[in-house]
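Peer 1: Okay, here's the prediction I keep looking at, along with the sequence it came from:
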Amino acid sequence: LTDSNMTTLNADPDGIAADSQTGIWVVGNFFSSQATVINLAGASFNAATLPCTLDEGGTPPNSVNFDIGTGVAMPGVAINPLTNQALMTAQLNDQVALLTLPSAPVTQLTSSDVSSVTSTIPDEPDGATFDAADFPFGDVIDTCHNRAYVLNDSHTFLVEIDLAKLQSDPSAISTPLPAGHCAGAITQFGCNNHNGVKFFPLPGA
């Protein structure tokens, strides 16, 4: 597959996730706050050339470089195909974003088919600034409960984000944790900000 929007942006595409319901793929770029959203609905393999190519349907490039709006590189990505939304995380940063994608396959993807909300993950229970993990990016989604889980870079905490809350009230996600202890660990703050974010200490935290 060669997509000219992705190659023209030339921002080191790293993270990638697919919406199996619509054929939309989201690429997180290591050096850009833009995500490359590629429409592979209607794509087909072409064995007439060697090596074989995957040709996009519609009019190439059937994609958009979408500015997420965080101002920082957002390479981490995971998709919930039940809600057609993609969580994106920053490069060693606390920024997060939720992209809303087409809810059904489209012939030609346009920038109006994608929207986003942004927020930040609050400081960790030990008071450290949350930095999302990279190499590998630690983003997964529980599709049954519409929760995202993001690993921090020091591998000491896993954070849970309520994606419905992120969509409806993004500013609340960044609410600081209350004073207290987290899951029995000796920390300055509790685990739950009661606004869509919970922290889970990992072994060695």
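Peer 2: That came through fine.
Peer 1: give me the element the residue nearest in space to the middle of the chain is part of.
Peer 2: Note on the chain: the residue nearest the mean C-alpha position is Met88, at 1.8 Å, using C-alpha atoms, centre = their mean. Secondary structure assigned from DSSP states H and E places Met88 in strand 85-89.
Peer 1: So what's the gap between the very next helix or strand once past that strand and the chain middle?
Peer 2: Counting by DSSP H and E, the next helix or strand C-terminal to strand 85-89 is strand 95-100. Between the centre of strand 95-100 and the centre of its host chain there is 6 Å, according to C-alpha atoms, centre = their mean, to the nearest Å.
Peer 1: any residues touching whichever helix or strand comes after strand 95-100, and which ones?
Peer 2: Per DSSP H and E, the first helix or strand lying C-terminal to strand 95-100 is strand 115-120. Residues outside strand 115-120 that contact it (C-beta atoms under 8 Å, 6 or more residues apart in numbering): 66, 68-70, 94-100, 166-167, 170-171, 173-174. For the C-beta atoms, the positions are set from N, CA and C on the backbone; glycine is no exception.
Peer 1: what do you get if the cut-off is 6 Å, keeping everything else the same?
Peer 2: Here strand 115-120 makes contact (C-beta atoms under 6 Å, 6 or more residues apart in numbering) with 68-70, 94-100, 170, 173-174.
Peer 1: May I see the buried residues of the helix or strand following that strand?
Peer 2: Next in sequence after strand 115-120, counting helices and strands by DSSP H and E, comes strand 139-142. Residues of strand 139-142 classed as buried: 139, 141 (neighbour count, 16 or more other C-beta atoms under 10 Å).
Peer 1: do stretch 6-20 as well
Peer 2: Quick answer for stretch 6-20 (16+ other C-beta under 10 Å): 6, 9, 11, 13-15, 17-19.
Peer 1: Which of those residues fall in strands?
Peer 2: 13-15, 17-19 (DSSP state E).
Peer 1: Would you point out the most distant pair within those?
Peer 2: Asp14 and Asp19 (18.4 Å; C-beta to C-beta).
Peer 1: per-residue confidence for Gln91?
Peer 2: Per-residue confidence (pLDDT) for Gln91: 91.
Peer 1: Could you check how far the residue lying closest to Ala128 once chain neighbours are set aside is from Pro203?
Peer 2: Counting by C-beta to C-beta, 6 or more residues apart in numbering, Ala128 lies nearest to Ser154, which is 7.7 Å off, once chain neighbours are set aside. Using C-beta to C-beta, to the nearest Å, Ser154 is found at 13 Å from Pro203.
Peer 1: sorry, back to before: possible to save the buried residues of stretch 6-20 as CSV with pLDDT?
Peer 2: Shown next, in CSV, are these (pLDDT from 0 to 100):
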residue, pLDDT
Met6, 96
Leu9, 97
Ala11, 96
Pro13, 95
Asp14, 93
Gly15, 94
Ala17, 97
Ala18, 97
Asp19, 98
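Peer 1: Looking only at neighbour counts, state which of Ser154 and Pro203 leads.
Peer 2: Ser154 (15 against 6; other C-beta atoms under 10 Å).
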